[in-house]
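K.L.:
sequence unknown, structure follows:
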Ligand code: 5GP
């Protein structure tokens, strides 16, 4: 039985269909090119798996883990790299794979850092975006779904490390 605190927002079928569409778009845009999929741990692991197996472009896969200390009072915020990528991104096409863009702080700072490493191109694919929560400019090139400004779990996203394995995305009521 489903946890009574959960309310399904995006079904597993909707997610899979969207992954099909995103993969077609990405393959088309990177035709004849190889790319590095740089997944942001931990939340994007399921999206990375679903998306990457649909791509026919040659890809390398690597991971970064960041912690953001989004302090509303210090507009800059700080993004700390907890695990850096192993593959060199210099001179390569890089596609950052994100689970969700909320205020945009994490993505804005991560992209700023990655740009200093001189990738040939840098784009972002995110499964989810909460446009109403945006405070920092963070461009998403490929987006799964826009969602309302509420806390969601599932499909990689957690609450205290739980719910990541749900194949759908749900609102978590407290
Ligand atoms: P941002 O820096 O864009 O404000 O936040 C991005 C990070 O906050 C995401 O990568 C994710 O880890 C976390 N986050 C933001 N919104 C949600 C949400 O609704 N559910 C969960 N589980 N995590 C979220």
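P.N.:
Great, that's in hand. In this text, all values refer to a predicted model and were calculated from it rather than measured experimentally.
K.L.:
please report phi then psi for the spatially most central residue of the chain.
P.N.:
By Cα atoms, centre = their mean, the chain has its centre lying nearest to residue 98, at 0.9 Å. Main-chain torsions, residue 98, degrees, to the nearest 10: phi -110, psi 160.
K.L.:
again, but for residue 37
P.N.:
phi -90, psi 120.
K.L.:
which strand residues bridge it?
P.N.:
Taking DSSP bridges as the rule, residue 37 bridges to residue 61, residue 95.
K.L.:
wait, it touches residue 57, no?
P.N.:
No. The pair residue 37 and residue 57 does not pass the contact test of Cβ atoms under 8 Å, sitting 9.8 Å apart. Quick note: C-beta positions are derived from backbone N, CA and C, even for glycine.
K.L.:
could you check whether the lowest-mean-pLDDT helix or strand in the chain is close to the ligand?
P.N.:
Of all helical and strand segments in the chain, the minimum by mean pLDDT, DSSP states H and E falls on strand 78-83, at a mean of 87. No. Using Cβ under 6 Å from any ligand atom, strand 78-83 stays clear of the ligand, coming no nearer than 7.9 Å.
K.L.:
could you list every helix and strand in contact with that strand?
P.N.:
The helices and strands touching strand 78-83, judged by 3 or more Cβ pairs under 8 Å, 6 or more residues apart in numbering; DSSP states H and E, are strand 59-69, helix 105-115.
K.L.:
so which of the ones you listed gets nearest residue 152?
P.N.:
Residue 152 lies closest, by Cβ to Cβ, to one member of the helices and strands packed on strand 78-83: helix 105-115, at 15.9 Å.
K.L.:
list of residues touching that closest one?
P.N.:
38, 40, 64, 66, 68, 70, 77-79, 81, 89, 94, 96, 98, 101, 122, 124, 126, 135-140 (Cβ atoms under 8 Å, 6 or more residues apart in numbering).
K.L.:
next SSE after it?
P.N.:
Using DSSP states H and E, the helix or strand that follows helix 105-115 in sequence is strand 121-129.
K.L.:
and that following strand, does that touch the ligand?
P.N.:
No. Against the ligand, strand 121-129 shows no contacts by Cβ under 6 Å from any ligand atom, the least distance being 7.7 Å.
K.L.:
from the ligand, how far out is residue 156?
P.N.:
As judged by Cβ to the nearest ligand atom, to the nearest Å, residue 156 and the ligand stand 9 Å apart.
K.L.:
between residue 37 and residue 57, tell me which one has more neighbours.
P.N.:
residue 37 (21 against 18; other Cβ atoms under 10 Å).
K.L.:
beta-bridge partners for residue 124, please?
P.N.:
Assigned bridge partners for residue 124, using DSSP bridges, are residue 96.
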